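K.L.:
no sequence on this one, just coordinates:
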C-alpha cells in the first residue's frame, strides 16, 4: 500500500510538472510524448521529432524507476551533512560552519555550541562571503549569498541591515552556513557571479566496477543568480568525459519550442565551447575510486567545483536531473549505461 501511495504521489508530481513546464506543441505530439514517458518539454529538448526515443532515458523512467536505485541508502544523498561526513575521508568537502535549526545557530563541531548573530557577522568580516542553503533541498531553491565588508551586509546583492539579517536567520530552519568557495580561473572568467558546478553522473555496474556515464558543466546567468541551477535559469554545457573539454551550452528551461546552442556565455560573451577543465583526469580518477568505496550507492550525481589547484565536492544527488546530460547526448547510446539501467529494470 505504501509503494502504491508513493507511486501515485510521484505520478501526481509529474502531471503537475507537465502543466508547469509543458511546451506548446501539437496535441497529437504531446500524446505521443506522454505515451513514451516524456514530458512535452523533453520532446523539444531531445529533438524527439527526429531522434529515437529509445536512446533516451524517459522522464517516467528517471523519476519513477531510477529514483529507487539507491533504496535504503538514498537518505545519505538527500542529507548534505550526512553525505559530507561520509565522503570527507576520501574527497575534499566544504568546511560547513554551522546549521540553523528554527533560528538557533549551532556549530557542527562535537561541542555543538550555539553562535550569535554577531559571531556570524564577525565570520563574514574574515570570509567576506557566506552561503546559506537548505540542508535537504535541490535545484538551488532557497540558497542565499550573504556578503560582508566595509560596505555593510548584502543578501543576494541586496543591501540589508544587521537587524534585517538577524530577522532573516531567525526565520530559517534546517539551513547550513558554509563559506563561499573560490572557483578556478577558467570558470570565473566564463561567469563570475555564481559558483559554477560540474554534475558528474557515476554508476556502479553489477560487477562492482564504477564508471562515469556523463558529465555536464553548469554556469549561472544574470537570471539564475545567486545559483547556477538550470531550474533557476542557468545553462548546462556538454563535457567530453575523456578529455574534459567543454562543448556547447543550452538553457534547459526556455520559452518557445526551439533549442538554441551557445558557444559563448549569454551574458558575458566569454567562450565556453573548447575550454579545457584543468585537472579533469584527476577528478575522474578520484571520483571513480570513491564511487567504488561507496558501491552501495549505485547511482550518484556528484556536484563538483574546480578550484585552481584541486577540486571540492559540494554534494551528491539521488535524483541527478538527467536533462543536464541528455540535452547534449542521449544516455542510452552508451552500452555500459544501457546495461546498467537494464540490469536494474529501469528500462526493458
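P.N.:
Thanks, I have it. These numbers were taken from a predicted model, which means no experiment stands behind them. Numbers count the residues shown, from 1 in each chain.
K.L.:
separation between residue 200 and residue 148?
P.N.:
32 Å (Cβ to Cβ, to the nearest Å). C-beta here means a position set from N, CA and C on the backbone, and glycine is covered the same way.
K.L.:
to clarify, my last question referred to residue 101.
P.N.:
Taking Cβ to Cβ, one finds residue 101 at 23 Å from residue 148.
K.L.:
and residue 200 and residue 148? which has more neighbours close in?
P.N.:
Comparing residue 200 with residue 148 by other Cβ atoms under 10 Å, the one with more neighbours is residue 200, at 26 against 21.
K.L.:
that one in helix, strand or coil?
P.N.:
Following DSSP: H, G, I helix; E, B strand; the rest coil, residue 200 is assigned to strand.
K.L.:
that one touches residue 215, doesn't it?
P.N.:
Yes. Taking contacts as Cβ atoms under 8 Å, residue 200 lies within contact range of residue 215: 4.6 Å.
K.L.:
could you pull out the helices in the stretch 101-250 of the chain for me?
P.N.:
In the stretch 101-250 of the chain, helices defined by DSSP state H, counting those that start in this stretch lie at 117-127, 162-171, 185-190, listed in chain order.
K.L.:
buried residues in the second one, which are they?
P.N.:
Within helix 162-171, the residues that qualify as buried by neighbour count (16 or more other Cβ atoms under 10 Å) are 165, 166, 168, 169.
K.L.:
repeat that for the first one.
P.N.:
Across helix 117-127, burial judged by 16+ other Cβ under 10 Å covers 117, 120, 123, 124, 127.
K.L.:
contact partners of it?
P.N.:
Here helix 117-127 makes contact (Cβ atoms under 8 Å, 6 or more residues apart in numbering) with 97-98, 105, 130, 146-149, 153, 162, 165-166, 169, 177, 179-180.
K.L.:
what mean pLDDT would you report for that helix?
P.N.:
Mean pLDDT, helix 117-127: 78.
K.L.:
next one: stretch 251-265
P.N.:
92.
K.L.:
how about it: buried residues?
P.N.:
Residues of stretch 251-265 classed as buried under the neighbour-count rule (16+ other Cβ under 10 Å) are 251, 252, 253, 254, 265.
K.L.:
show me the contacts for the last one.
P.N.:
The reference is to residue 265. With contact set as Cβ under 8 Å, 6+ apart, residue 265 has these partners: 190, 191, 219, 221, 235, 249, 272.
K.L.:
go on, the second one?
P.N.:
With contacts taken as Cβ under 8 Å, 6+ apart, residue 252 has the following neighbours: 45, 230, 236, 323, 324, 327.
K.L.:
can you give me the buried ones in stretch 272-287?
P.N.:
The neighbour-count check on stretch 272-287 (16+ other Cβ under 10 Å) flags 272, 275, 277, 278, 279, 280, 283, 284, 286, 287 as buried.
K.L.:
mind checking how far it is from the chain centre?
P.N.:
Centre-to-centre, stretch 272-287 and its host chain are 17 Å apart (Cα atoms, centre = their mean, to the nearest Å).
K.L.:
next one: residue 222 from residue 235, what distance?
P.N.:
The gap separating residue 222 from residue 235 is 11 Å, by Cβ to Cβ.
K.L.:
the two: who's more crowded?
P.N.:
Set residue 222 next to residue 235 and count neighbours by other Cβ under 10 Å: residue 235 wins out with 30 against 12.
K.L.:
which residue, other than its chain neighbours, is closest to that one?
P.N.:
Nearest non-adjacent residue to residue 235, counting by Cβ to Cβ, 6 or more residues apart in numbering: residue 249, 4.5 Å away.
K.L.:
likewise for residue 232?
P.N.:
Leaving aside its chain neighbours, residue 232 sits nearest to residue 224 (4.1 Å; criterion: Cβ to Cβ, 6+ apart).
K.L.:
for the one you found, list the residues it contacts.
P.N.:
Per Cβ under 8 Å, 6+ apart, neighbours of residue 224: 140, 194, 230, 232, 233, 234.
K.L.:
count of neighbours near residue 34?
P.N.:
By other Cβ under 10 Å, 17 other residues sit near residue 34.
K.L.:
that one belongs to a helix?
P.N.:
Yes. Going by three-state DSSP, the assignment for residue 34 places it inside a helix.
K.L.:
list the contacts of the helix or strand hosting residue 81.
P.N.:
Under DSSP states H and E, the secondary-structure element containing residue 81 is helix 80-87. Applying Cβ under 8 Å, 6+ apart, the external contacts of helix 80-87 come out as 75-77, 93-94, 96, 99, 108, 133, 135-136, 176, 290, 294, 313, 315-316.
K.L.:
change it to 10 Å
P.N.:
Identification of contacts with helix 80-87 by Cβ atoms under 10 Å, 6 or more residues apart in numbering yields 73, 75-77, 79, 91, 93-96, 99, 108, 133-137, 174, 176, 178, 290, 293-294, 297, 300, 302, 313-318.
K.L.:
how's this structure carved up into domains?
P.N.:
Following automatic domain parsing, the chain resolves into domains at 2-67, 70-93+185-343, 98-179.
K.L.:
and these, which is most packed in?
P.N.:
Among the domains of the chain, ranked by average contacts under mean count of other Cβ atoms under 10 Å, first place goes to domain 70-93+185-343 (a mean of 18).
K.L.:
between the two ends of it, what distance do you get?
P.N.:
End-to-end distance for domain 70-93+185-343, by Cα to Cα, to the nearest Å: 14 Å.
K.L.:
thank you, goodbye.
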